[in-house]
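Engineer: could you work out the structure for the sequence below:
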Amino acid sequence: MSKIGRKPIVIPKGVQVTIEKDVVKVKGPKGELSQEIKGTIKLKINESDLIVERGNEESQEKAYHGLYRSLLANMITGTSTGFSKMLVLSGTGYRAALQGKKLSMTVGFSHPVEFEIPKDLECKVDDQTKITISGIDKQKVGQFAANIRIVKPAEPYQGKGIRYSDEKVRRKAGKTGKK
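Structural biologist: Sure thing, here's the model as predicted:
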């Protein structure tokens, strides 16, 4: 069995999980998410646990087993506590600001870069250099953070750019002068 797939998912208090044919709906204090289940994956709810089982031993079913267990665990965590990613802008003149439902960043280009914030995500900007993205869907939070970071990834020589708060930028030595 899959190491990830065989672990039961603990359902915290305040979170409801409903299974209707091939759709799982998770409702919690932060919001509601749903996921369609493919293949012969079966779900069982025992008291405060959700158990994911597969119907056969085909390689595709084994892959679905671990995948859906992770997706369901992320849905339960997201609706109960939520997810967040923090980005840091480093460099002279690099700054970010919120303008209504848009995130505007000045990152060394001749024009500011703007992003429309999706309706189910929240953005906060602290002291113009720290952007916090939060929401209940882990995939959407991570993808939006990645879209922002790709504008100007941190470069290895001076460390300028956009990076995750827990990311370590490996610095390189520059050119050496003439001897």
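Engineer: show the average pLDDT along the longest helix seen in the chain.
Structural biologist: Determined from DSSP state H, the single longest helix within the chain is helix 59-80. For helix 59-80, mean pLDDT is 92.
Engineer: and whichever helix or strand comes after it, what does it pack against?
Structural biologist: With elements assigned by DSSP states H and E, the helix or strand that comes after helix 59-80 is strand 83-90. Under the contact definition 3 or more CB pairs under 8 Å, 6 or more residues apart in numbering; DSSP states H and E, strand 83-90 sits against strand 130-135, helix 138-149, strand 161-164. Placement of C-beta: from N, CA and C, glycine included.
Engineer: how close does the residue nearest the centre of the chain sit to Gly78?
Structural biologist: By CA atoms, centre = their mean, the chain has its centre lying nearest to Gly142, at 2.9 Å. Distance, Gly142 to Gly78, by CB to CB, to the nearest Å: 11 Å.
Engineer: residues near Ile9, how many?
Structural biologist: 20 (other CB atoms under 10 Å).
Engineer: whoops, Gln60 was the one
Structural biologist: So Gln60, with other CB under 10 Å, has 12 neighbours.
Engineer: how deep is the residue nearest to it when sequence neighbours are not counted tucked in, by neighbour count?
Structural biologist: Excluding its sequence neighbours, the residue lying closest to Gln60 (CB to CB, 6 or more residues apart in numbering) is Gly39, at 6.8 Å. Number of residues near Gly39 (other CB under 10 Å) recorded here: 17.
Engineer: tell me the confidence at Gly39?
Structural biologist: So Gly39 comes in at 79 (pLDDT).
Engineer: about what we covered before: shouldn't the residue nearest to the centre of the chain be in contact with Ser84?
Structural biologist: No. Using CB atoms under 8 Å, Gly142 is not in contact with Ser84; the gap is 10.4 Å.
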